[in-house]
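Enquirer: return a 3D structure for these sequence lines:
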Amino acid sequence: MKTVLPCYEQADGTILRSGFTSGTCASAAAKAAVSLLFVGGEMDEFVTVDTPAGFTLTLPLALREKDSDSARAGVIKDAGDDPDITNGILVVAEARRLSSPGICLSGGEGVGRVTKPGLAIPPGQWAINPVPRSQILAAVQAVLPLNSGVAITISVPGGEQLARRTLNPELGIIGGISILGTTGLVEPMSLDACKRSLVPQIDVALAAGERRLVLTPGKMGKRNALTRLPVKADAVLVTSNFIGYMLRACAVKGVEEVLLFGHLGKLAKVAAGIADTHSSVADGRREVLVAHAALLGLPKEALLALMNHNTAEESSSYLLAHRWQNVLAAVAAAAARRAERMAGGNLRVGCMLLNLAGEILAMDDYGKTWLEANHEL
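Expert: Numbering: from 1, shown residues only. The predicted structure follows:
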């Protein structure tokens, strides 16, 4: 028995297959566990489950167990052709009889708990998002006998270790992954989904009372920010390559001030007006450095050297060795002003440029003001 999932044709003609979410896995496993517990007999190798997107999926069961008062079922997540970090995980649901009618849903091993406000789930609750929660409850209700009660526990073996490679620790979700999915399906290679997954960091920061935020492209930048800047962890947000998107999101959500904090090679692209800094989208690091060096009157041989450097790291070392730090400061100022334009003019932005060692190479004037103001807090 095979489930047919939607496919998406790419610009180059390749076909990418969609998959199903951890929320769909959990609802399917829960439905199977309840059926096994209350109906008994031989459990089928497959379970049929509805998704919020309107698709009905028939999924294979990787686990089927039953004893006198409980049953367990498991479904392996298939993310299709999406590079989903949770692809291949086993999502398990355990069903136990309750003496009173109703459904009690909780998390277990490998499912995180929320510890900070600002997310769709309040602190103290299991990280089972609202749509998957409704999906699980509906699937269980469909097979639960009248006037019966059942406790459902969702677990993900290995989920705690896997969660360390996600944004969950930054969002204050501890102990495991989140059970996610708004449609029940995973759309392959969805940049929009990647972008949206970053925005809850803003909500957590605002809920913690932070109004001055640090945006940095990666986790290394976050570690450097917490080491070198007088900021709290909630105020430092990872943007990945979607710097322009996160600047606009900050502006929409009422953030007042932002500091761009990251490697010269990444933020020099922002100075050129590049909102998505992935190397496959656009580049211009050398051109930015050469343009600002030329405007500041550096000699032709210096411009040629900068144009022929392989990396921005090499260029920064060259400029510092020749006491041309003003070029780096000019790039920082340009990145800050272009970032303000990306945000729609509703956000004040400063910028600090780093080298690979995490040392601050240069900053714009507002970055200096931002740093001095934060030192006074």
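Enquirer: in stretch 120-130, what counts as buried?
Expert: If you call a residue buried by 16 or more other C-beta atoms under 10 Å, then stretch 120-130 has these buried ones: 121, 126-129. Yep, even glycine has a C-beta here, placed from its N, CA and C like the rest.
Enquirer: show the end-to-end separation of that stretch, please.
Expert: Start and end residues of stretch 120-130 are separated by 7 Å (C-alpha to C-alpha, to the nearest Å).
Enquirer: contact partners of stretch 66-78?
Expert: The contact list for stretch 66-78, computed with C-beta atoms under 8 Å, 6 or more residues apart in numbering, reads 19-22, 25-26, 28-30, 32-34, 36-37, 40, 43, 47, 59-65, 84, 86-97.
Enquirer: and if we set it to 7 Å?
Expert: Among residues not part of stretch 66-78, those counted as contacts by C-beta atoms under 7 Å, 6 or more residues apart in numbering are 19-20, 22, 25, 28-29, 32-33, 36-37, 59, 61-65, 86-97.
Enquirer: thinking again about what came up before, which of the buried residues of stretch 120-130 lies closest to Ala151?
Expert: Trp126 (12.9 Å; C-beta to C-beta).
Enquirer: surely the closest one touches Arg113?
Expert: Yes: with contact defined as C-beta atoms under 7 Å, Trp126 and Arg113 form a contacting pair (5.9 Å).
Enquirer: ok so, going back, so which of the contacts of stretch 66-78 sit within helices?
Expert: Among the contacts of stretch 66-78, the members falling in helices are 22, 25, 28-29, 32-33, 36-37 (criterion: DSSP state H).
Enquirer: now list the buried members of these.
Expert: Judged by neighbour count, with 16+ other C-beta under 10 Å as the criterion, the buried members of the ones in helices among the contacts of stretch 66-78 are 22, 25, 28-29, 32-33, 36-37.
Enquirer: which one of those residues is nearest to Leu306?
Expert: Checking those against Leu306 by C-beta to C-beta gives Ser22 as the nearest, at 47.3 Å.
Enquirer: check contacts around that closest one.
Expert: With contacts taken as C-beta under 7 Å, 6+ apart, Ser22 has the following neighbours: 77, 86, 91, 179-181.
Enquirer: now the helices: where do they sit in the stretch 51-200 of the chain?
Expert: Along the stretch 51-200 of the chain, the stretches classed as helices by DSSP state H, counting those that start in this stretch are 130-141, 159-163, 168-171, 191-198, 200-207.
Enquirer: could you tell me the least trusted of those helices?
Expert: Among these, helix 191-198 has the lowest mean pLDDT, at a mean of 82.
Enquirer: inside strands: which ones of the contacts of stretch 66-78?
Expert: Per DSSP state E, strands hold the following members of the contacts of stretch 66-78: 19-20, 59, 63-65, 90-97.
Enquirer: from those, pick the one nearest Val150.
Expert: Sorting these by how near they are to Val150, with C-beta to C-beta, puts Ala95 at the top with 5.3 Å.
Enquirer: and the gap between the nearest residue to Arg165 once chain neighbours are set aside and Gly176?
Expert: Residue nearest to Arg165 in three dimensions, not counting chain neighbours: Ile85, with 5.9 Å by C-beta to C-beta, 6 or more residues apart in numbering. In this structure, Ile85 and Gly176 are 13 Å apart, going by C-beta to C-beta, to the nearest Å.
Enquirer: ok, Val258 next?
Expert: Taking C-beta to C-beta as the measure, Val258 falls 31 Å from Gly176.
Enquirer: now do Glu170
Expert: For Glu170, the distance to Gly176 equals 15 Å [C-beta to C-beta].
Enquirer: neighbour-wise, which of these two wins?
Expert: Neighbour count, other C-beta atoms under 10 Å: between Glu170 and Gly176, Gly176 has more, with 27 against 20.
Enquirer: per-residue confidence for that one?
Expert: pLDDT, Gly176: 97.
Enquirer: go on, His278?
Expert: Among the per-residue scores, His278 shows a pLDDT of 84.
Enquirer: in three-state terms, label it for me.
Expert: coil (DSSP: H, G, I helix; E, B strand; the rest coil).
Enquirer: now do stretch 47-63: everything it contacts.
Expert: Counting contacts by C-beta under 7 Å, 6+ apart, the residues touching stretch 47-63 from outside are 1, 3, 20, 24, 27-28, 31-32, 45-46, 72-76, 90, 92, 131, 135, 139, 182-185.
Enquirer: many thanks, I have nothing further to ask.
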